[in-house]
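# give me a 3D structure for the following:
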Amino acid sequence: MLRDLLRPTSPDEELQALLSRLAQKGFPVTDWHSGGVARTLLEIYAQMASDLSHLAVRIAEGGFLETAQGRWLDLVASSQYGLQRAPAVYAKGIVRLAAQPGFGPYTIREGQLWFATASGLRFLGVSGGTLPQGGTLDVTVQAERAGAAYNVATNTITTMITPLPGVTATNPSGWLLVAGADEESDDRLRQRCRARWAELGYGATRRAYEFWALQAHPSVTRVKVRDQHPRGQGTVDVVIYGVGGIGAEVVAAVDEFIQQRRPITADVSVYAATAVPVSVVATVVVKSGFRTSAELRALENMQRYNQTIGIGETVYRAQIIELLMEPPGVVNVVLSEPATDVAIAETEVADMSATLTWQEV
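Below is the predicted model:
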């Protein structure tokens, strides 16, 4: 395997190699104790040689799609596949203003209002309109910063930083228009690179549809192509999803992108996967002194799993237990929910929430 070939040497390995070679030349290496001049110089040379081996490995890894990371991967994607890493995306959606009886009308200007969640995530109103007395008005808002963290749940944008007397605000069901996204991950960029060649053939293969969906908008992180005539002969469904949602504008952008490239004989429908809530309740037993690090690692594992589980992919209890058992110090996991494996329909995607109880032993 390539990984076995790309193994840097440690300072200790380099030091032992130097001592062995000098011993073969007759030098009294066993008399050179730690802290002495000769031993210290050899340790410095060993560290330099180890650093050089790490640099050589990084350069070698940077030449392959499967091993390149970060900016090295950007270079591979650009030079070999003609692709650029997708930037972070600002979440955009709808906040509904409601005036109490006797309050209003208010003329709302673009950029006038700021809103926030209880956790402090802020959104700027980027559209205006007239809020009638005792009525409602939907305004478009954009996240203060780019990223998936702003794909918040319904009815959580309720704080009006810029107050209006007698007016309340909330984000209604289906509020998200454009899902926010973090800068494209290495895994997603590799996925686009692998799918790149599929679009070069005649017609359209499953991998071509996957590539087009990922290429159309950076908020798309998961794609399911239903190419076995789901709605009759010649039909193809492209089901998409992102981190925390997807948004109607993203679906429209992906649909337009694919419709321009599909074969003329194909009837293609693009739509968002339906999120299915899956509650994870578990008691995690951890050795004393390991709880803080284990808790952080377990939550990271669950978050990563929730963000990458495929559309239509079954949630297996064994996989959840494995993720919770992975952090150092964890000795047992008692999983209460889900009670059985959770089957997910091919147009749905699991949306997991974890409630973990920790016990130290």
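# which stretches of this structure aren't confidently modelled?
For the chain, the stretches flagged by pLDDT under 70 are 1-5, 201-203.
# break it down into its domains, please.
Domains of the chain are assigned by automatic domain parsing as 2-61, 92-178, 186-272, 277-360.
# make JSON lines from these and add distance to Leu83 and mean neighbour count to it.
Backbone N, C-alpha and C define where each C-beta goes, glycine included. Below are the domains of the chain laid out as JSON lines (distance: least, CB to CB, whole Å; neighbours: other CB atoms under 10 Å):
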{"stretch": "domain 2-61", "distance to Leu83": "19", "mean neighbour count": "13"}
{"stretch": "domain 92-178", "distance to Leu83": "20", "mean neighbour count": "17"}
{"stretch": "domain 186-272", "distance to Leu83": "6", "mean neighbour count": "18"}
{"stretch": "domain 277-360", "distance to Leu83": "20", "mean neighbour count": "16"}
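# relative to Trp72, which of those domains is closest?
domain 2-61 (6.9 Å; CB to CB).
# can you give me how far the closest one is from the chain middle?
Offset of domain 2-61 from its chain centre (CA atoms, centre = their mean, to the nearest Å): 39 Å.
# which parts of this protein are helices?
Taking DSSP state H, the helices of the chain run over residues 2-5, 11-24, 37-61, 70-81, 186-195, 206-216, 248-259, 291-308, 317-325.
# adding distance to Ala86, write the domains of the chain out as JSON lines.
Shown next, in JSON lines, are the domains of the chain (distance: least, CB to CB, whole Å):
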{"stretch": "domain 2-61", "distance to Ala86": "22"}
{"stretch": "domain 92-178", "distance to Ala86": "11"}
{"stretch": "domain 186-272", "distance to Ala86": "3"}
{"stretch": "domain 277-360", "distance to Ala86": "16"}
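# between those, which gets nearest to Gln69?
Comparing the domains of the chain by CB to CB, domain 186-272 comes nearest, at 5.7 Å.
# mind listing what Gly147 touches?
Contact analysis of Gly147 by CB atoms under 8 Å, 6 or more residues apart in numbering lists Ala88, Ala91, Gly180, Ala181, Asp182.
# which residue is the nearest non-sequential neighbour of the third one?
Taking CB to CB, 6 or more residues apart in numbering as the measure, Gly180 lies nearest to Ala91, with 3.2 Å between them; neighbours along the chain are not counted.
# gap between the one you found and Tyr150?
Ala91 is 4 Å from Tyr150, where distance means CB to CB, to the nearest Å.
# so what's in contact with the two at the same time?
By CB under 8 Å, 6+ apart, the residues touching both Ala91 and Tyr150 are Phe123, Ala143, Gly180.
# which one of those sits closest to Val286?
Nearest member of the shared contacts of Ala91 and Tyr150 to Val286, counting by CB to CB, is Gly180, at 33.4 Å.
# which residues touch Ala98?
With CB under 8 Å, 6+ apart, Ala98 has these contacts: Gly135, Thr136, Val167, Thr168, Ala169, Thr170.
# does the third one touch Thr158 like I think?
No: using CB atoms under 8 Å, Val167 is not in contact with Thr158; the gap is 11.8 Å.
# where's the residue nearest the centre of the chain relative to Glu61, distance?
Of all residues in the chain, the one closest to the mean position by CA atoms, centre = their mean is Gln307, 5.6 Å from it. Gln307 sits at a distance of 25 Å from Glu61 (criterion: CB to CB).
# give me the neighbour count for Glu66.
For Glu66, the tally of surrounding residues (other CB atoms under 10 Å) stands at 12.
# so who does the spatially closest residue to Val243 that is not a sequence neighbour touch?
The shortest distance from Val243 to any non-neighbouring residue, by CB to CB, 6+ apart, is to Ala148 (4.0 Å). The contact partners of Ala148, by CB under 8 Å, 6+ apart, come to Ala91, Ala179, Gly180, Ala181, Asp182, Gly242, Val243, Gly244, Gln307.
# my read is that the last one contacts Val243, right?
Looking back up the chat, that one is Gln307. Yes: counting by CB under 8 Å, Gln307 touches Val243, with 5.1 Å between them.
# redo the shared contacts of Ala91 and Tyr150 as CSV? Include distance to Asn332.
Formatted as CSV, these follow (distance: CB to CB, whole Å):
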residue, distance to Asn332
Phe123, 42
Ala143, 40
Gly180, 37
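# and the gap between Gly166 and Trp114?
For Gly166, the distance to Trp114 - CB to CB - is 18 Å.
# try Gly242
Gly242 is 25 Å from Trp114, by CB to CB.
# cool, Glu346 as well?
In terms of CB to CB, Glu346 sits 41 Å off from Trp114.
# next one: Gln303
Separation of Gln303 from Trp114 (CB to CB) stands at 28 Å.
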